[in-house]
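> 3D, please:
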Amino acid sequence: MSVDKQAQAWLAQDPDPQTRHELEGLIAANNEDELTDCFTSRLQFGTAGLRGKLGPGPNRMNRVVVMQAAAGLANYLNKLHPHEASIVIGYDARHNSDVFASDTARVMQGAGITALVLPKPLPTPVLAYAIKHLGASAGVMVTASHNPPQDNGYKVYLADGCQIIPPADADIAAEIERIANTSNVQDLPTGAEWVTLGDDVLQDYISRAVAHVTDEQRRNNKTLTTVITPMHGVGGDTLHEVLTRAGFPEPIHVVEQFEPDPNFPTVTFPNPEEPGAMDLALEAAAQHRPDIVIANDPDADRCAIAIPTADGYRMLTGDEVGSLLGWWATQHSNATSTERTVLAQSIVSGTMLKSIAESAGLTYEHTLTGFKWIGRIPGLRFGYEEALGYCVDPEGVSDKDGITAALAVATLAAHLKANSQILQDKLDDLAREHGVHATKQVSVRVTDLNRITEVMSTLRAQPPTDIGGLTVKRFVDLELGADLPPTDGLLFELDGNARVIIRPSGTEPKVKAYLQAVVPVTADLASAREQADLQIALLDEAVRAWLN
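Sure thing, here's the model as predicted:
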């Protein structure tokens, strides 16, 4: 079918006046490039669900695509749970998130599945918590997390509170494809009698988080000051309440970013990892001099931390926070079960956690990237990935959770402060015991996705024998599988436990490299850090030459 005919067919079923108007404008202007991009491919449903730019057509996020996805997911759930399926639906404050959530609820009800909708825009971890808390068969979170404002997305969870993994992703995708090829969304059965949940689910989530704080910790917390920002997202009020109920003083807000705003006016990309995203928070810190700065991404499943130094504030890396929380989990577990003895991380994260686990007599595991893998590890006590994702209460939330992670970091900082230490002191202690683990992520955004394929193909065909002056001891094509399921990635193990991993991003048009250098502290810590930083700089230079 020609693009013109596809566009006209789309107009006939699109229930959204805004995207209909946009599509009519593209047709009238004969904008072939945009029409082709909208209609000659389809947003791929995978383990990350759906995520893409808002607009008309199957290659955009819109009400037709969402209703098709909901109907396909409903078919899958009805096969998995005949006559008894239920689903919790959450949404953030992005453009159309509430509409997509309502459309999902209508389609689920029409398919005979009980839809339970969260009462307002809330953090993703509240949705992940609600699935297990309410005993639902599945969950959907309408969010594009930290993507730009023109995007939205659709995360799908199963009854265990984790995002989907194979083969569920392919099975759901096949049902969606069948719906898209055979049905007009206006003919889908729908129902209006879904359940809008009350505020008690949020309060149960907050109460669970705060219940892990001991009386001694609560006393320590009274002196720790914080600056917090939700980065125009939905986590601000929840984080504020969690901190104050755990005994911390009233947090200082980054006022310009505190209220939800789908346009994210103060940042180019609402991701604490992106350059400039933390500028306002660091300015507030320079003014108020808090003990720590806490930032969540817009759906609050990630957490960034900044700490004071002699020269101002610096951002901790995801691996630094992961090591701190990993050590804290060996000292103070949120788990009620003594069988939770596993510390885990994604393969692209720095490997200090392995040494921390072993020194504490705990089990260490690594997984593919994503909490859909980490959250399913039996006996998990703590898990993290370097992209600012942490799971500190896997019994409650089997996913990354930026709210409870922030609480854990703040509680650790207060504990250290009560003992005349700061987070940097604990990082220094960990480095002396386990070696300096310097890590860095190199991320290159592309406009042509073929560039990512070219980079990966070239490195597979001609893997380097040395990187940054360090010999490649072992090359692993992760697509062939090893001790993990196959994934598109390349692992280079280098002299001295240094390492480089290359992989495409699963959610953005990026190719990413993960660098690590490990230097034992045999003399002074400063010299070891300087040596590790030099190794990282040489690896960075080599990798950028590949990617650019």
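> in the sheet, who's paired with residue 494?
Residue 494 has the following beta-bridge partners by DSSP bridges: residue 472.
> same check on residue 366?
Taking DSSP bridges as the rule, residue 366 bridges to residue 345.
> pretty sure it contacts residue 344?
Yes: the pair residue 366 / residue 344 is scored as a contact, 6.7 Å apart, by C-beta atoms under 8 Å. C-betas here are computed from N, CA, C, even on glycine.
> the more surrounded of those two?
More neighbours surround residue 344 than the other of residue 366 and residue 344, with 28 against 19 (other C-beta atoms under 10 Å).
> look up how far residue 364 lies from that one.
Here residue 344 is placed at a distance of 7 Å from residue 364 (C-beta to C-beta, to the nearest Å).
> then residue 179?
For residue 179, the distance to residue 364 equals 43 Å [C-beta to C-beta].
> look at those two and report which has more neighbours.
Between residue 179 and residue 364, counted using other C-beta under 10 Å, residue 179 has the larger neighbour count: 22 against 17.
> helix, strand or coil: sort out that one for me.
Following DSSP: H, G, I helix; E, B strand; the rest coil, the label given to residue 179 is helix.
> which residues do residue 344 and residue 364 both contact?
residue 353 (C-beta atoms under 8 Å, 6 or more residues apart in numbering).
> count of neighbours near the residue nearest to residue 268 when sequence neighbours are not counted?
Of all residues not flanking residue 268 in the chain, residue 276 sits nearest, at 6.4 Å (C-beta to C-beta, 6 or more residues apart in numbering). If you count neighbours by other C-beta under 10 Å, residue 276 ends up with 10.
> which helix or strand contains residue 106?
Counting by DSSP states H and E, the element that carries residue 106 is helix 97-110.
> C-alpha coordinates for the helix or strand following that helix, PDB please?
Using DSSP H and E, the helix or strand that directly follows helix 97-110 along the chain is strand 114-117. Only the C-alpha atoms of strand 114-117 are listed here, as PDB (Å, rounded to 0.1, in the frame of the first residue of the first chain):
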ATOM      1  CA  THR A 114     -10.000  -5.400  35.200                       C
ATOM      2  CA  ALA A 115      -8.200  -2.100  34.800                       C
ATOM      3  CA  LEU A 116      -6.900  -0.400  37.900                       C
ATOM      4  CA  VAL A 117      -5.700   3.200  37.100                       C
END
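> check which helices and strands the next helix or strand after strand 114-117 sits against.
As assigned by DSSP H and E, the chain's next helix or strand after strand 114-117 is helix 124-134. When contacts are defined as 3 or more C-beta pairs under 8 Å, 6 or more residues apart in numbering; DSSP states H and E, helix 124-134 packs onto strand 86-91, strand 138-142, strand 151-158, helix 200-211, helix 402-418.
> tell me the average confidence for the fourth one?
If I follow you right, that is helix 200-211. Taken as a whole, helix 200-211 has an average pLDDT of 98.
> show me where the stretch 351-500 of the chain has its helices.
For the stretch 351-500 of the chain, the helices defined by DSSP state H, counting those that start in this stretch cover 352-359, 371-374, 402-418, 423-434, 450-461.
> got JSON lines for these, with mean neighbour count too?
Output for these, formatted as JSON lines (neighbours: other C-beta atoms under 10 Å):
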{"stretch": "helix 352-359", "mean neighbour count": "20"}
{"stretch": "helix 371-374", "mean neighbour count": "26"}
{"stretch": "helix 402-418", "mean neighbour count": "25"}
{"stretch": "helix 423-434", "mean neighbour count": "17"}
{"stretch": "helix 450-461", "mean neighbour count": "14"}
